[in-house]
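A.B. asks: What shape does this take:
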Amino acid sequence: MTTASLDHRFTEFLLESQALKFGDFTLKSGRKSPYFINAGAFNDGRKIATLGAFYAEKIVEEIKAGNLPADIDTVFGPAYKGIPLGVSTAIALTSAHGMEVGYTFDRKEKKDHGDGGMMVGTQLKDDMKVLLVDDVMTAGTAVREVIPKLKAEADVEVVGLVLSVDRMEKTKDSDLSAVKAVEAEFGFPVFAIANVREIFEAGQHIETSDGQPYVTPEIKAAADAYLEQYGA
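C.D. replies: Predicted structure coming up:
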């Protein structure tokens with residue numbers, strides 16, 4: 001029996017966690033989307049541990065492929081949504097893959113008492129290799145906000161960014177996807193556990209409790225039309 005691919009297993013997990021919904025949704029950008037991803041659905045220990053394990057699996061896959069270094073010093077998750085991602089990914093990399101790696105996240109406001117500073121967890125030092133983790137990137141705003149914060153702390157090397165899902169959509173002001181725009185601007189690679197095309201493909205073969213595919217022909221047609229209009 002062959003093991004299901006990473007993107008297929010991740011799609012199953014998103015659906016089981018009710019983090020991925022198919023239908024008709026209006027996004028913050030004003031675009032009407034046939035799917036929606038709600039990172040807030042990873043709201044208990046089992047789900048966040050499983051999510052961290054998926055991130056770790058993707059990271060190790062890219063290390064083996066030579067796309068990420070094996071000696072990552074710390075996993076950085078931007079506050080607030082990135083905090084549980086960074087922590088759970090670091091735990092999974094250590095417990096399941098034997099990697100000694102720290103975790104770091106930023107404070108929204110600098111603390112002037114106790115240990116002080118802008119960062120919590122592994123403190124950043126010059127020449128450290130830092131891997132960013134985030135959920136879904138629409139415009140890359142969070143990355144553009146966090147890179148200056150990292151560089152203000154120390155002369156670190158950002159070795160890459162790992163996302164849960166690549167929406168594969170053009171940004172508002174270019175024909176590049178947010179992923180490609182960030183790669184071009186900052187010079188580090190961006191990876192996703194799954195992209196939206198893989199998710200819609202997998203969703204056609206994953207069934208609901210009443211035996212129907214999550215992605216019906218109607219939803220698939222809406223997804224194709226959406227990506228035809230907005231896809232990069």
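
A.B. asks: any weak-confidence spans in this structure?
C.D. replies: Along the chain, the model assigns pLDDT under 70 to residues 1-3, 110-116.

A.B. asks: need the helices for it, in chain order.
C.D. replies: Assigned by DSSP state H, the chain shows helices spanning 6-16, 45-64, 82-97, 141-153, 178-186, 196-203, 217-230.

A.B. asks: Can I get these in CSV including distance to Met119?
C.D. replies: All C-beta spots, glycine's among them, are computed from the backbone N, C-alpha and C. Rendered in CSV, the data for the helices of the chain read as follows (distance: least, CB to CB, whole Å):
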stretch, distance to Met119
helix 6-16, 29
helix 45-64, 20
helix 82-97, 11
helix 141-153, 6
helix 178-186, 19
helix 196-203, 33
helix 217-230, 36
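
A.B. asks: how about the ones you listed, which one is nearest Phe76?
C.D. replies: Checking the helices of the chain against Phe76 by CB to CB gives helix 82-97 as the closest, at 6.0 Å.

A.B. asks: helices or strands next to that closest one in the packing?
C.D. replies: Of the remaining helices and strands, those touching helix 82-97 by 3 or more CB pairs under 8 Å, 6 or more residues apart in numbering; DSSP states H and E are helix 45-64, strand 74-76, strand 102-111, strand 129-133.

A.B. asks: Quick check: buried residues in it?
C.D. replies: Within helix 82-97, the residues that count as buried by 16 or more other CB atoms under 10 Å are 82-93.

A.B. asks: With stretch 193-202 instead?
C.D. replies: Within stretch 193-202, the residues that qualify as buried by neighbour count (16+ other CB under 10 Å) are 193-196, 198-202.

A.B. asks: what does it contact?
C.D. replies: Residues from elsewhere that reach stretch 193-202, judged by CB atoms under 8 Å, 6 or more residues apart in numbering: 6-8, 10-12, 14, 20, 35, 54-55, 57-58, 162-168, 215, 219-220, 223, 227.

A.B. asks: Now, of these, which are buried?
C.D. replies: If you count burial by 16+ other CB under 10 Å, the buried members of the contacts of stretch 193-202 come out as 7-8, 10-12, 14, 20, 35, 54-55, 57-58, 162-168, 215, 219-220, 223, 227.

A.B. asks: ok, now which ones touch Glu185?
C.D. replies: When contacts are taken as CB under 8 Å, 6+ apart, Glu185 is in contact with 140, 144.

A.B. asks: And for the one 4 residues further on?
C.D. replies: Listed by CB under 8 Å, 6+ apart, the contact partners of Pro189 are 62, 67-68, 160-161, 183.

A.B. asks: Just the closest of these to Ala41, please.
C.D. replies: For the contacts of Pro189, the minimum distance to Ala41 (CB to CB) is 21.8 Å, reached by Leu161.

A.B. asks: roughly how far apart are the closest one and Leu150?
C.D. replies: For Leu161, the distance to Leu150 under the criterion CB to CB, to the nearest Å works out to 12 Å.

A.B. asks: Can you name the residues that contact the spatially closest residue to Thr26 that is not a sequence neighbour?
C.D. replies: Excluding its sequence neighbours, the residue lying closest to Thr26 (CB to CB, 6 or more residues apart in numbering) is Lys32, at 5.5 Å. The neighbourhood of Lys32, defined by CB under 8 Å, 6+ apart, consists of 24-26, 226.

A.B. asks: most neighbours, which of those?
C.D. replies: Neighbours here are counted as other CB atoms under 10 Å. On that basis the top member of these is Tyr226, with 19 neighbours.

A.B. asks: Can you give me the distance of it to Asp166?
C.D. replies: From Tyr226 to Asp166 the distance is 15 Å (CB to CB).
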